[in-house]
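**Student:** structure of the sequence below:
(chains A, B, C and D)
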Protein chains: 2
Amino acid sequence: MSQGGAVDLDTSVAYPLKQASAALRAAMEDALRPLGMTITRYSCLELLAQRPGSSSSDLARGAFVTRQSMNVLLQALEHEGLVSRPAQAPVGKVLPVQLTAVGHEHLARASAAVRAVEVRMLADLSPDEQAAALHALRAMTRALQPGPGDASRVLEEDRPS
Amino acid sequence: MSQGGAVDLDTSVAYPLKQASAALRAAMEDALRPLGMTITRYSCLELLAQRPGSSSSDLARGAFVTRQSMNVLLQALEHEGLVSRPAQAPVGKVLPVQLTAVGHEHLARASAAVRAVEVRMLADLSPDEQAAALHALRAMTRALQPGPGDASRVLEEDRPS
DNA sequence: TGACTCATGTCAGCATCCTGACATAGCGTC
DNA sequence: GACGCTATGTCAGGATGCTGACATGAGTCA
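**Tutor:** Prediction:
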């Protein structure tokens, strides 16, 4: 709030954050393209490997897309045999998604490519600097979560996961 | 179990980076919506205030969109009287874009809203931690650039010093 | 001078993702 | 058991951004 005209990009953190994110996105796209994979597809597979049996909505939240978009993606992945879903929901309407063997293979290749990108990204940072970056990113994400500032929607204080 | 070489989301920096970027994007959209403005529009105006007379392609690079998308946006902004472009290029094909008085007013309001978001984002970080985050983000962005010669820098921290 | 390369602005078509809306199933309360 | 609330899956429509391609003008070099 030094002046009313412009954000000082020298001291701003938001712009470098977007810069880094854009650079990471571009590098990941370049790394995944030869494998015939996109970032959203990879993210979905990676999340599925970490949490097998996730629902479409769970995967959507983890991949930062809407559940509609994730559902379209899952249909494609299912058609290609990378994931599998039961024809009927075992309980409620939730369709648990599973990674197939083929899906695991594709994920392994993609994951290696993505790891290489991350290694390159962190090449010039010491372990301490990486830890500091991790800490700062988590703090920023936490501070931006809607909740402890507006009473518009709450109901998340007493939610023991 | 079936996760031998998967990227660990807990120790990864890429995922928190995307998380923070997504949270920032959502917070900025929420802050700009009441002003009838989007992130891309704000970015364009902000860049224009920093570098008056930029070309459409320059603005596109700074806002992380293609020059086609930026041109569509500039046509809308010009139609609404926020920016102005000469009918003919003074030199070559480059049409230098200028911020109008109305554009400056809109930018001032949007900039204040965005600054509030950034303040909230950095609320839990000490100045040292903020500086460390800035350093890490710049190093990551630099390391991910395709060419190590950094030939094309777009509105970066290129202060003379 | 002439050819080559690069960047810019622009047009057309396509891909991706989102917003809005609806029906349904679990959960808790009364 | 009935009601309200939340979350999920799904369908339709629209907004936004991108890829591909073209012509033009500037700069470079033989």
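
**Student:** how many neighbours does residue A:103 have?
**Tutor:** Residue A:103: 22 surrounding residues under other CB atoms under 10 Å in any protein chain shown. Heads up, the C-betas are built off the backbone N, CA and C, glycines and all.

**Student:** ugh, wrong one, residue A:125
**Tutor:** Residues near residue A:125, counting by other CB under 10 Å, number 18.

**Student:** please apply the same query to the one 4 residues further on.
**Tutor:** If you count neighbours by other CB under 10 Å, residue A:129 ends up with 16.

**Student:** thought it was touching residue B:132?
**Tutor:** Yes: between residue A:129 and residue B:132 there is a contact at 6.9 Å, judged by CB atoms under 8 Å.

**Student:** can you show me the helices along chain A?
**Tutor:** In chain A, helices defined by DSSP state H lie at A:14-32, A:39-50, A:56-63, A:67-79, A:101-121, A:127-144, listed in chain order.

**Student:** redo those helices as a markdown table? Include distance to residue B:21.
**Tutor:** As requested, the helices of chain A are exported to a markdown table (distance: least, CB to CB, whole Å):
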| stretch | distance to residue B:21 |
| --- | --- |
| helix A:14-32 | 4 |
| helix A:39-50 | 13 |
| helix A:56-63 | 13 |
| helix A:67-79 | 18 |
| helix A:101-121 | 14 |
| helix A:127-144 | 9 |
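
**Student:** can I get these in TSV including distance to DNA strand D and mean pLDDT?
**Tutor:** Formatted as TSV, those follow (distance: least, CB to the nearest atom of the strand, whole Å; pLDDT from 0 to 100):
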stretch	distance to DNA strand D	mean pLDDT
helix A:14-32	8	95
helix A:39-50	12	95
helix A:56-63	3	95
helix A:67-79	4	95
helix A:101-121	17	95
helix A:127-144	19	96
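
**Student:** closest one to residue B:18 among the ones you listed?
**Tutor:** helix A:14-32 (6.3 Å; CB to CB).

**Student:** got the CA coordinates for that closest one in PDB?
**Tutor:** C-alpha atoms of helix A:14-32 as PDB (Å, rounded to 0.1, in the frame of the first residue of the first chain):
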ATOM      1  CA  ALA A  14       2.500 -13.500  -6.100                       C
ATOM      2  CA  TYR A  15       4.000 -12.800  -9.500                       C
ATOM      3  CA  PRO A  16       7.100 -15.000  -8.900                       C
ATOM      4  CA  LEU A  17       4.800 -17.600  -7.600                       C
ATOM      5  CA  LYS A  18       2.800 -17.500 -10.800                       C
ATOM      6  CA  GLN A  19       6.000 -17.400 -12.800                       C
ATOM      7  CA  ALA A  20       7.300 -20.500 -11.100                       C
ATOM      8  CA  SER A  21       4.000 -22.300 -11.500                       C
ATOM      9  CA  ALA A  22       3.800 -21.400 -15.200                       C
ATOM     10  CA  ALA A  23       7.400 -22.600 -15.800                       C
ATOM     11  CA  LEU A  24       6.700 -25.800 -14.000                       C
ATOM     12  CA  ARG A  25       3.500 -26.400 -15.900                       C
ATOM     13  CA  ALA A  26       5.300 -25.800 -19.200                       C
ATOM     14  CA  ALA A  27       8.200 -28.000 -18.300                       C
ATOM     15  CA  MET A  28       5.900 -30.800 -17.200                       C
ATOM     16  CA  GLU A  29       3.900 -30.500 -20.400                       C
ATOM     17  CA  ASP A  30       7.100 -30.800 -22.400                       C
ATOM     18  CA  ALA A  31       8.200 -33.800 -20.400                       C
ATOM     19  CA  LEU A  32       4.900 -35.600 -20.600                       C
END
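
**Student:** list the buried residues in that helix.
**Tutor:** A:14-21, A:23-25, A:27-28, A:31-32 (16 or more other CB atoms under 10 Å in any protein chain shown).

**Student:** if anything else comes up later, I'll come back, but that's it for now.
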